[in-house]
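S.K.: Model the following, please.
(one chain, ligands or ions: 1)
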Amino acid sequence: MRTNWASATAIALLVSLSTSAAHAEEVTAWRLIISDHANPKVTVVDAIDGEKLDTFEIKGPASLHRSESGRTVFAVQGSAGVVAGIASGISFEEHGDIDVEAPKLAGVEITGKKPSHFVEHDGDFAVFFDGEGVVRIISEKSVLEGKPDFRAVKTDAPQHGVAVAYGSHVLLSEPNREKPDELPVGIRVADKAGAPIGGIHACPDLHGEASSGNILAFACATGLLVVSHGDGSPAIRHLPYADSLPNGKTTTLIGGRGLQYFLGNYGADKVVLIDPTIESDAFRLIDLPTRRVHFAIDPVRAKFAYVFTEDGQLHQLDVVKGEIANSLKLTDPYSMDGHWSDPRPRVAVAGDKIVVTDPLQGVLHVVDATSFEKTGDIAVEGKPFNIVSVGGSGQTHEGE
Ligand code: ZN
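M.R.: Residues are numbered from 1 along each chain as shown. Model (predicted):
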């Protein structure tokens, strides 16, 4: 089905002109939001027909985060000290209705020194500004209304930190006081105003956080901190790495959807599957043929995740069996030697498609998620780098 926001509206209008009764039209819309490795811009592409919908000028190269609802995308511009909200233009209402409009800059910017980690919890976004040790929190509702309605909570020192707006609490990383340049040492729970509740939950070398279902996790040098809703305040426990694992740690964590699990890096050429609900055998290590570049979960086909490796291959990881099910060569090699921030591919899943950026060739490779075969590519000017997708299917009710 070939549909973009303009043609979807046109079809619905034609239908409503030809019938006097209200008419529902099934619409599928997916968008890819892509940042550039070198230039301050974000491009929005229709994932279904490959057409460019718009390009937004921003202030610096950006990492991208989409909201749970898909209504907003955030461009975190660390070097420019700003986080810009983008309205994706796609939203879902109750009863499976889809509303499709043009994407636009939401008009809300959150500014501060060195924004880095970005976490959503229950419709609240928390952006940690490393240069200040401050988290700024804003709701999705405020962003979409264009209101810069955020609150700030300060930690004791600048740090490469993280925070989560957790209902009526805030979880804050605790800076390393002896060595301020090093990673945080734990998590502190605070009330909404930032007053600490209880002591520090130790998490040496804290880096990497994700949610899966109702569980939130932080990665530490010693294991994971696993957070769930406790009796009145967050319940936090430490899940140590299994003795059977080799030396190593997770520093990037993503959370499964549909299945409750976490997927993390663990050494340069491995990933680890983590079941946070069991105490024994919680960790399963998976060897990769070469070093890992990026990984993503499949939100639709819950048993799959994807790992891109430096030899240019995309791997389909069966997270139930804990093994690589398929591999597909997509790009020239992207060696992990060199700077960690060199342009290298990133992976996103858009409905039935897996999309991989190829920054040095200026294209997106499109893979069918069912057959795991390449079906095409989409040219994007510049060095397409970070990528997120939003979309889905629903009914429109034009002319009602
Ligand atoms: Zn980081």
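
S.K.: Count the neighbours of residue 252 for me.
M.R.: Other residues within reach of residue 252, judged by other CB atoms under 10 Å, total 17. Bear in mind the C-beta positions are built from the backbone N, C-alpha and C, glycine included.

S.K.: try residue 147
M.R.: Residues lying near residue 147 (other CB under 10 Å) number 14.

S.K.: 842 is where my numbering starts, stick with that
M.R.: In the new numbering, first residue 842, that becomes residue 988.

S.K.: In this structure it contacts residue 949, no?
M.R.: Yes: counting by CB atoms under 8 Å, residue 949 is a contact partner of residue 988 at 7.1 Å.

S.K.: can you give me phi and psi for residue 990?
M.R.: Main-chain torsions, residue 990, degrees, to the nearest 10: phi -100, psi 70.

S.K.: and the closest residue in space to it that isn't next to it in sequence, helix, strand or coil?
M.R.: Closest residue to residue 990 apart from its sequence neighbours, by CB to CB, 6 or more residues apart in numbering: residue 983 at 4.0 Å. Following DSSP: H, G, I helix; E, B strand; the rest coil, we place residue 983 in the helix state.

S.K.: Residue 965 versus residue 983, what's the distance?
M.R.: According to CB to CB, to the nearest Å, residue 983 and residue 965 sit 10 Å apart.

S.K.: which residues in this protein form helices?
M.R.: Here the chain has its helices, by DSSP state H, at 846-859, 981-985.

S.K.: among those helices, which gets the worst mean confidence?
M.R.: Set side by side, the helices of the chain give their lowest mean pLDDT on helix 846-859, at a mean of 45.

S.K.: need the contact list for residue 1207.
M.R.: The contact partners of residue 1207, by CB atoms under 8 Å, 6 or more residues apart in numbering, come to 1194, 1195, 1196, 1215, 1216, 1217, 1218, 1219.

S.K.: Could you identify the buried members of the residues you listed?
M.R.: 1194, 1195, 1196, 1215, 1218, 1219 (16 or more other CB atoms under 10 Å).

S.K.: Between those, which sits nearest residue 886?
M.R.: If you rank the buried ones among the contacts of residue 1207 by distance to residue 886 using CB to CB, residue 1219 comes first, at 6.1 Å.

S.K.: List the contacts of the closest one.
M.R.: Here residue 1219 is in contact with 873, 886, 891, 1196, 1204, 1205, 1207 (CB under 8 Å, 6+ apart).

S.K.: What number of residues are in the vicinity of the residue nearest to residue 990?
M.R.: 18.

S.K.: I'd say it and residue 991 touch.
M.R.: Yes: taking CB under 8 Å as the definition, residue 983 is a contact partner of residue 991 at 7.4 Å.

S.K.: quick one: low-confidence parts of the stretch 992-1141 of the chain?
M.R.: The stretch 992-1141 of the chain contains no residues with pLDDT under 70.

S.K.: ranges for the strands of it?
M.R.: Secondary structure of the stretch 992-1141 of the chain, counting by DSSP state E, counting those that start in this stretch: strands at 992-995, 1004-1007, 1010-1015, 1027-1032, 1037-1043, 1050-1053, 1056-1060, 1064-1070, 1075-1081, 1094-1096, 1103-1106, 1111-1115, 1124-1128, 1133-1138.

S.K.: What pairs with the second one, parallel or antiparallel?
M.R.: Same thing as strand 1004-1007. Partners of strand 1004-1007 in the sheet, by DSSP bridges, are strand 1010-1015 (antiparallel).

S.K.: Can you tell me what sits against the strand it pairs with?
M.R.: 967, 969, 976, 978, 994, 996-997, 1000, 1002-1005, 1025-1033, 1035, 1038, 1041, 1047, 1057, 1068, 1074-1075.

S.K.: Give me the buried subset of the residues you listed.
M.R.: Judged by neighbour count, with 16+ other CB under 10 Å as the criterion, the buried members of the contacts of strand 1010-1015 are 967, 969, 976, 978, 994, 996, 1000, 1002-1005, 1025-1031, 1035, 1047, 1057, 1068, 1075.

S.K.: Let me know whether residue 957 touches residue 969 as I believe.
M.R.: Yes: in this structure residue 957 lies within contact range of residue 969 using CB under 8 Å: 5.9 Å.

S.K.: got any residues that touch both of those two?
M.R.: residue 1002.

S.K.: Only the buried residues of stretch 1163-1174, if you could.
M.R.: Under the neighbour-count criterion of 16+ other CB under 10 Å, stretch 1163-1174 has 1165, 1167, 1168, 1169, 1171, 1172 buried.

S.K.: Thanks a lot, see you next time.
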